[in-house]
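Student: Provided below are the primary sequence and the corresponding predicted coordinates.
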Amino acid sequence: GAVVSQHPSWVICKSGTSVKIECRSLDFQATTMFWYRQFPKQSLMLMATSNEGSKATYEQGVEKDKFLINHASLTLSTLTVTSAHPEDSSFYICSADRQGVSGRGQFFGPGTRLTVL
Amino acid sequence: GEDVEQSLFLSVREGDSSVINCTYTDSSSTYLYWYKQEPGAGLQLLTYIFSNMDMKQDQRLTVLLNKKDKHLSLRIADTQTGDSAIYFCAESIGGSYIPTFGRGTSLIVHP
């Protein structure tokens, strides 16, 4: 159990366009989801915490107007990269917090590779 | 320096044991984790240890925690080529389950 999916798994877009990435918890409800960004050979950087029904909490240095997060239901959070530029190219990973599972509360999605041309 | 540090590369021969080391700075860490990331994939939780434990064993995996030195290690016995991946050490602090990750150790297993 505790499967998290992401869609799409990879996307290539032109500079200036917007891209939406979906994160779904398939077999559990997640009041909290997290969005990470990973550069090649780097660690995961937490971008924001997404809470169902409320505004996301962004980490310092992350532009909330550029990375729009919506968590409209207990199983779905979306990350929209607006007006994407080549420097936004990265691997984006989401995770979902499964309540009541001590220590291993976060389950990670498979990631989305974004390439901006 | 970084909150969680680990060496970037480790190369071992198939069948040998691998030991991946990690140091962390926050003594109030509650949980410490090891994640595995295969190429182009997300993170898979391998194992975790609560901060009041010294050791945890799960099949081929052994986690050792030295809280005094803030040192965590992951030992993989009988390493196989399928174990080749990046291994991330992570900690969470207090009541938060949001992990802080190290930069990852690339484990290369060669015949």
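Tutor: It's in.

Student: need the strands for chain B, in chain order.
Tutor: Ranges of strands in chain B, per DSSP state E, are B:4-6, B:9-13, B:18-24, B:29-37, B:43-50, B:55-58, B:61-66, B:71-76, B:85-93, B:100-101, B:105-110.

Student: let's have these in TSV, adding mean neighbour count, mean pLDDT and distance to chain A.
Tutor: C-beta coordinates here come from the backbone N, C-alpha and C atoms, glycine included. Output for the strands of chain B, formatted as TSV (neighbours: other CB atoms under 10 Å in any protein chain shown; pLDDT from 0 to 100; distance: least, CB to the nearest CB, whole Å):
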stretch	mean neighbour count	mean pLDDT	distance to chain A
strand B:4-6	21	92	8
strand B:9-13	13	96	10
strand B:18-24	19	96	12
strand B:29-37	22	89	5
strand B:43-50	18	89	4
strand B:55-58	12	94	11
strand B:61-66	17	96	12
strand B:71-76	20	97	14
strand B:85-93	23	91	7
strand B:100-101	22	88	4
strand B:105-110	17	96	8
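
Student: quick one, which of the ones you listed gets closest to A:Y58.
Tutor: For A:Y58, the closest of the strands of chain B is strand B:100-101, at 16.7 Å, according to CB to CB.

Student: and the closest one, which strands flank it?
Tutor: strand B:85-93 (antiparallel) (DSSP bridges).

Student: the partner strand to strand B:105-110, inter-axis angle?
Tutor: Note on geometry: by axes from the mean of the first three to the mean of the last three CA atoms, to 10 degrees, strand B:85-93 and strand B:105-110 are set 150 degrees apart in direction.

Student: give me the distance from strand B:85-93 to the chain's centre.
Tutor: Counting by CA atoms, centre = their mean, to the nearest Å, strand B:85-93 is centred 5 Å from the centre of its parent chain.

Student: thought B:E14 was touching B:T79?
Tutor: Yes. Between B:E14 and B:T79 there is a contact under CB atoms under 8 Å: 6.4 Å.

Student: helix or strand: which one has the residue nearest the centre of chain A?
Tutor: In chain A, the C-alpha closest to the average C-alpha coordinate belongs to A:W35, at a distance of 3.4 Å (CA atoms, centre = their mean). Per DSSP states H and E, A:W35 falls inside strand A:32-38.

Student: are that strand and chain B in contact anywhere?
Tutor: Yes. Using CB under 8 Å from any CB of the partner chain, strand A:32-38 reaches chain B at A:F34.

Student: flag every buried residue along that strand.
Tutor: Judged by neighbour count (16 or more other CB atoms under 10 Å in any protein chain shown), strand A:32-38 contains these buried residues: A:T32, A:M33, A:F34, A:W35, A:Y36, A:R37, A:Q38.
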